[in-house]
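Visitor: What would the 3D arrangement of this be:
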Amino acid sequence: MAKKDKLSIEKILNRVNKEYEKTAKQIDKMVKDAADQIDSLQHQIQDPIKKLLEDAEKVREREVKRFHEEFDRRVKEFTDLQQSILDKIGIQKGKTEAKAQQPSATKKATPKKSAAPKAAAKKTPAKKAATAKTSAAPKAAATKKAVKEPNLTMLSGVGPATAKQMNAAGITSIKQIAAPTAAEKKILEGFAKIKGSEGWEEQAKVLLS
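Guide: Numbers count the residues shown, from 1 in each chain. Below you'll find the predicted structure:
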């Protein structure tokens with residue numbers, strides 16, 4: 001009787017162990033399936049988001065490039081227009097100066113008046129020396145003033161042609177470079193591409209000191 005009971009208990013234990021192993025395998029399979037489903041869901045969510053971010057970055061790069069191209073085009077148009085205006089102003093100024101010189105040339109061509117009487121023209125040597133000395137003084141002062149007064153061509157990169165363009169635009173004095181107004185600063189921006197223009201203000205201050 002005891003032997004039969006023992007066999008029955010072993011059978012029950014074997015059956016329990018088999019059921020346990022079967023249940024454990026089922027649980028492992030369910031866990032694995034759940035993990036696979038989670039991974040699949042993550043891919044389904046992440047892939048569209050990743051693609052959306054890539055598309056947004058491409059759009060941003062394209063728009064930035066288009067903005068820079070448009071900006072460069074506008075700057076070039078503005079520079080060309082400014083240069084055209086300066087050229088036209090220079091031509092107009094040249095015509096005005098030519099017209100202004102015509103009357104003086106006509107005046108020079110008119111015959112001279114008859115000379116004053118020889119007696120009035122004659123002067124004593126002392127009087128001649130005094131007159132020469134008096135006339136020489138203003139000339140010396142004017143020469144001295146002309147030497148002290150700097151001009152635009154003393155600036156780096158400014159030649160006669162550039163100085164003429166600056167004069168036409170309204171910049172005629174070194175003082176305007178040393179202490180420009182808001183309007184003069186705007187005019188000087190049109191000459192910013194000239195090599196050495198970034199140091200004009202300091203050079204002007206040194207020349208005026």
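Visitor: alpha carbons only for contacts and neighbour counts from here, please
Guide: Fine.
Visitor: Run a quick neighbour tally on residue 166.
Guide: Neighbouring residues of residue 166 were enumerated by other Cα atoms under 10 Å; the total is 21.
Visitor: what about residue 161, distance to residue 86?
Guide: In this structure, residue 161 and residue 86 are 11 Å apart, going by Cα to Cα, to the nearest Å.
Visitor: Looking only at neighbour counts, state which of the two leads.
Guide: A side-by-side neighbour count of residue 161 and residue 86, using other Cα under 10 Å, places residue 86 first with 19 against 11.
Visitor: element containing that one?
Guide: Per DSSP states H and E: residue 86 is located in helix 2-109.
Visitor: Run through the neighbouring helices and strands of that helix.
Guide: The contact analysis (3 or more Cα pairs under 8 Å, 6 or more residues apart in numbering; DSSP states H and E) places helix 2-109 against helix 160-169.
Visitor: so for the helix it packs on, what's the average pLDDT?
Guide: The predicted model gives helix 160-169 an average pLDDT of 91.
Visitor: What residues sit buried inside that helix?
Guide: Applying a neighbour-count criterion of 16 or more other Cα atoms under 10 Å, the buried positions in helix 160-169 are 163, 164, 165, 166, 167, 168, 169.
Visitor: same deal with stretch 74-89?
Guide: 86, 87, 89.
Visitor: So which of the residues you listed is the closest to residue 202?
Guide: residue 86 (25.1 Å; Cα to Cα).
Visitor: Check whether that closest one really touches residue 165, as I assumed.
Guide: Yes: Residue 86 lies in contact with residue 165 (Cα atoms under 8 Å); the separation is 6.3 Å.
Visitor: follow-up on the earlier one: would CSV of the buried residues of helix 160-169 with distance to residue 77 be doable?
Guide: Putting the buried residues of helix 160-169 into CSV (distance: Cα to Cα, whole Å) gives the following:
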residue, distance to residue 77
163, 23
164, 23
165, 19
166, 20
167, 23
168, 20
169, 18
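Visitor: I'd like to know which of the residues you listed is nearest to residue 82.
Guide: Within the buried residues of helix 160-169, proximity to residue 82 (Cα to Cα) peaks at residue 169, which comes in at 9.9 Å.
Visitor: quick one: residue 169 from residue 56, how far?
Guide: Distance of residue 169 to residue 56, given as Cα to Cα: 47 Å.
Visitor: For residue 169, give me its contacts.
Guide: Contacts for residue 169 were tallied using Cα atoms under 8 Å, 6 or more residues apart in numbering; they are 86, 89, 187.
Visitor: what does residue 202 give?
Guide: By Cα under 8 Å, 6+ apart, the contact set of residue 202 is residue 178.
Visitor: In which helix or strand does it reside?
Guide: Secondary-structure assignment from DSSP H and E places residue 202 in helix 200-208.
Visitor: May I see the buried residues of that helix?
Guide: When burial is assessed from 16+ other Cα under 10 Å, helix 200-208 yields the following buried residues: 200, 201, 203, 204, 207.
Visitor: Noted, bye for now.
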